[in-house]
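Trainee: next one to model:
(chains A and B)
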2 protein chains.
Amino acid sequence: MSNFEKTKYMFHLPQGMIYLDGNSLGPLPKAAAAHVSDMMSKEWGEMLITGWNKAGWMDLSTKIGDRVGRLIGAEPGHVMMGDTLSIKVYQALASALDLNPTRRVVLSDNGNFPSDLYIAQGLLKSLGPDYELRVVNPEDIAENVNGSIAVLMLTEVDYRTGKLHDMKALTAKAHAAGVITVWDLAHTAGATPVDLAGCKADFAVGCTYKYLNGGPGAPGFIYVSPQHIDSVSPALSGWLGHEAPFAFDLDYRPGSGIERMRVGTPPVIALKSLETALDIWDLVEMRDVRAKSVELCELFIKEVEARCPTLTLHSPRNAAERGSQVSFRFAEGFAAIQALTARGVIGDFRAPDVMRFGITPLFINESDVLAASVIIEDVITNDLWDQPEYHIRSRVT
Amino acid sequence: MSNFEKTKYMFHLPQGMIYLDGNSLGPLPKAAAAHVSDMMSKEWGEMLITGWNKAGWMDLSTKIGDRVGRLIGAEPGHVMMGDTLSIKVYQALASALDLNPTRRVVLSDNGNFPSDLYIAQGLLKSLGPDYELRVVNPEDIAENVNGSIAVLMLTEVDYRTGKLHDMKALTAKAHAAGVITVWDLAHTAGATPVDLAGCKADFAVGCTYKYLNGGPGAPGFIYVSPQHIDSVSPALSGWLGHEAPFAFDLDYRPGSGIERMRVGTPPVIALKSLETALDIWDLVEMRDVRAKSVELCELFIKEVEARCPTLTLHSPRNAAERGSQVSFRFAEGFAAIQALTARGVIGDFRAPDVMRFGITPLFINESDVLAASVIIEDVITNDLWDQPEYHIRSRVT
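Mentor: As a prediction, this is how the structure comes out:
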């Protein structure tokens, strides 16, 4: 049995469903419910308050942080779990701005996930009217990096097209101009290999409910580079990031290293669910996941293009520029995604006309990709026209 | 069977343990592990991404918010669950300051939980050098409320002594001086009745892992009054607080009402655990919980004082001024709490010499209080002196 045959077997996938949406919410590891239930009964139930030490709850956020860190090329001891991705974006951006105090501009692109832009807008508004969020087209980022920029904040993989930014080149360019980088790895972690340490990225953040299979609302993470961690002054200065939380001092003093990026109480139950998913991730290397992902994406593109000439590839054709998803544009994309769902092929729709499919080698294989392609063809060719409940706009108007 | 006999039976309490630490981490509802495990298998496992609508995950934060809201006297539709208490303090304080833009001082007291002060320090530092956190003694709060204060930020129940602030009087005094209030209900929610609506409190925040029994790391909550909710501009402007999250606009527009206080993705698994606890809370009225709590606290104080003259009551003697905990000062408090733990009576220690016991009527009754008092007497009188592993300072030095 190959490694990926093994991992596929470790997820629960509903009968008759081909799940191409692991880039939105990953499927349930078979062991997760029992692991969480066990923790609740044996640790919470029996140890109660002593579980913080006896069951190691307090260390979960850093231990799991290191396991996520391995998948994103982070140095051990530099990833902290907790909160949500939005909060981690806030935390990273606030810290990054604080490290570059004479500059006022945050540079991002319109392919960034809107939440990152919203969080930046809220933060910058509170910092004062001289702060600016400058949003350009993704392809114009490099030429806009200059000595006036405080922070370059980008999502490495565009959530719509799957197009990759060149993290290494952009980080180097940013550093040459004295710019601090914040990388959102929402569609990177578990999707494509990334080498935070090698790229000398300053901050990175991400979520664990997509490719990492942590479950709905699973915690976020933050990475801070060795260069910065000891000088970072956390904006979200919560008591568990304090140097001595149980001294109950009245004044905040940041904890050592990545500990200072803790905020409140760790989400123990959610972390336990994620732990089961990482038991599966521990079995694979990101380079193998990437190789398989490229193979499956190529197959999917070839099959869908051959079968459905009305769909236009929206993702980069060159695999090296593409994350682990494939998007097509189709005028009836919204109806098509609904019709596909009814046939058991789950993708998702992003306005105005993007059909997005996540390719996740841990539980999707060649047969799934081929079967999905056949069903997509059938839906586009037949179902959409036969079944008026899909409200084809071109028939109605 | 009385209501509290019923609720006691609905919690798992380890054999031989008298758990007087429900004010730190509440015990496991017997139904919780199965409820969470069921959600994971049947909702996450089978519905995957469609669970957000089909299983109602997106509405959990407000539905549960209203159930918590009933316990704290909030108007329906004014409590949002999510994140941690620390994040909710940040969110509330930032919003409160924004509503009082010409003032620069946040008033709090040194009996506030340190995390609230830390969070305020981080926030004010980022807002600029003219902002000030003014920390006074709890009894000096009223006389320090004046027209220079932007926000009065207090924890209603002092975590050390259990002493209550007069929320109604202080809120009225604050409003008369044009001051916005932020109330931390960490030791109030599920402990003592509070009437946020009647007090016209502006903001309130709290956690659910203490008296509310949500589990380790259970989500926080935020309350925003009807007067302010439509004018609040969220500092933590995440995409799920957007007016139309799935429009993926590039600019943030706050959602309607309490929706804008959402930040990132709701912690579904943790919320499901909390749901089981609230099924128990739904069976009781806070006035009955309060009456029982007062009765048990009085009994505990009477018994411990009669049996252990070396312990000094640290909580207010007048029940009307006390939350649902009883604290004693004792020079060997640290050793005593360890020795008590070994005998199955779980309380906790707060430096320098405070022994703290939570009285939680949902699962603690008269027999527990009497048995605990007998064991406390025995530990203080015998164990501490017989068993050198407790490292009695007075013997060692």
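Trainee: distance of the residue most central in space within chain A relative to chain B?
Mentor: Central residue of chain A (C-alpha atoms, centre = their mean): A:Ala186, 1.6 Å from the mean position. Distance, A:Ala186 to chain B, using C-beta to the nearest C-beta, to the nearest Å: 11 Å. The C-beta positions use only the backbone N, C-alpha and C, and glycine is treated the same way.
Trainee: check which element follows the longest helix that chain A contains along the chain.
Mentor: If you go by DSSP state H, chain A has its longest helix at helix A:286-307. As assigned by DSSP states H and E, the chain's next helix or strand after helix A:286-307 is strand A:312-313.
Trainee: tell me the helices and strands packed up against that following strand.
Mentor: strand A:325-329 (3 or more C-beta pairs under 8 Å, 6 or more residues apart in numbering or on different chains; DSSP states H and E).
Trainee: adjacent strands (with direction) for the strand it packs on?
Mentor: According to DSSP bridges, strand A:325-329 has the following sheet partners: strand A:312-313 (antiparallel), strand A:354-358 (antiparallel).
Trainee: how about JSON lines for those, with distance to B:Lys30 and mean pLDDT added?
Mentor: Listed next are the strands paired with strand A:325-329 as JSON lines, based on distance: least, C-beta to C-beta, whole Å; pLDDT from 0 to 100:
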{"stretch": "strand A:312-313", "distance to B:Lys30": "54", "mean pLDDT": "98"}
{"stretch": "strand A:354-358", "distance to B:Lys30": "38", "mean pLDDT": "97"}
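Trainee: out of the ones you listed, deepest packed?
Mentor: Of all the strands paired with strand A:325-329, strand A:354-358 has the most neighbours on average by mean count of other C-beta atoms under 10 Å in any protein chain shown, namely a mean of 25.
Trainee: check the offset of that strand from the chain's centre.
Mentor: Mean C-alpha position of strand A:354-358 versus that of the full chain (C-alpha atoms, centre = their mean, to the nearest Å) differs by 16 Å.
Trainee: ok, back up a step: which SSE is the residue nearest to the centre of chain A in?
Mentor: Per DSSP H and E, there is no helix or strand for A:Ala186.
Trainee: using PDB, write out every CA atom in the longest helix of chain A.
Mentor: What follows is helix A:286-307, C-alpha atoms only, in PDB (Å, rounded to 0.1, in the frame of the first residue of the first chain):
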ATOM      1  CA  MET A 286       5.500  17.900   1.900                       C
ATOM      2  CA  ARG A 287       7.600  17.200  -1.200                       C
ATOM      3  CA  ASP A 288       5.700  14.000  -1.800                       C
ATOM      4  CA  VAL A 289       2.400  15.700  -1.200                       C
ATOM      5  CA  ARG A 290       3.400  18.300  -3.700                       C
ATOM      6  CA  ALA A 291       4.500  15.800  -6.400                       C
ATOM      7  CA  LYS A 292       1.200  14.000  -6.100                       C
ATOM      8  CA  SER A 293      -0.800  17.200  -6.000                       C
ATOM      9  CA  VAL A 294       0.800  18.400  -9.300                       C
ATOM     10  CA  GLU A 295       0.200  15.000 -10.900                       C
ATOM     11  CA  LEU A 296      -3.500  15.100  -9.900                       C
ATOM     12  CA  CYS A 297      -4.000  18.700 -10.900                       C
ATOM     13  CA  GLU A 298      -2.500  18.100 -14.300                       C
ATOM     14  CA  LEU A 299      -4.800  15.100 -14.800                       C
ATOM     15  CA  PHE A 300      -7.800  17.100 -13.600                       C
ATOM     16  CA  ILE A 301      -7.100  20.000 -16.000                       C
ATOM     17  CA  LYS A 302      -6.500  17.700 -18.900                       C
ATOM     18  CA  GLU A 303      -9.700  15.700 -18.400                       C
ATOM     19  CA  VAL A 304     -12.000  18.700 -17.700                       C
ATOM     20  CA  GLU A 305     -10.600  20.700 -20.600                       C
ATOM     21  CA  ALA A 306     -11.100  17.700 -23.000                       C
ATOM     22  CA  ARG A 307     -14.600  17.100 -21.700                       C
END
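Trainee: what mean pLDDT does it get?
Mentor: Average pLDDT, helix A:286-307: 98.
Trainee: cool, stretch A:145-157 as well?
Mentor: Stretch A:145-157 shows a mean pLDDT of 98 in the predicted model.
Trainee: what's the span of it, first residue to last?
Mentor: When the termini of stretch A:145-157 are compared using C-alpha to C-alpha, to the nearest Å, they are 19 Å apart.
Trainee: hang on, the earlier thing: show me what the longest helix of chain A is packed up against.
Mentor: Using 3+ C-beta pairs under 8 Å, 6+ apart as the test, helix A:286-307 ends up in contact with strand A:325-329, helix A:366-378.
Trainee: between the longest one and strand A:325-329, how many degrees?
Mentor: Here helix A:366-378 points in a direction 10 degrees away from that of strand A:325-329 (axes from the mean of the first three to the mean of the last three C-alpha atoms, to 10 degrees).
Trainee: how far off centre is helix A:366-378?
Mentor: 26 Å.
Trainee: swap in the first one?
Mentor: For strand A:325-329, the distance between its averaged C-alpha position and the chain's averaged C-alpha position is 17 Å (C-alpha atoms, centre = their mean).
Trainee: could you export the longest strand seen in chain A as CSV, CA atoms only?
Mentor: The residue-count maximum for a strand in chain A (DSSP state E) belongs to strand A:149-155. Provided in CSV are the C-alpha atoms of strand A:149-155 (Å, rounded to 0.1, in the frame of the first residue of the first chain):
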residue,chain,number,x,y,z
ILE,A,149,6.4,50.5,2.7
ALA,A,150,6.3,49.3,6.4
VAL,A,151,4.9,45.8,5.8
LEU,A,152,4.2,43.6,2.8
MET,A,153,1.2,41.4,3.7
LEU,A,154,0.3,38.7,1.2
THR,A,155,-1.5,35.4,1.0
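Trainee: show me what the mean pLDDT comes to for the very next helix or strand once past it.
Mentor: Following strand A:149-155 in sequence order, the next helix or strand is helix A:167-176 (DSSP H and E). Confidence over helix A:167-176 (mean pLDDT, whole number) is 98.
Trainee: good, wrapping up.
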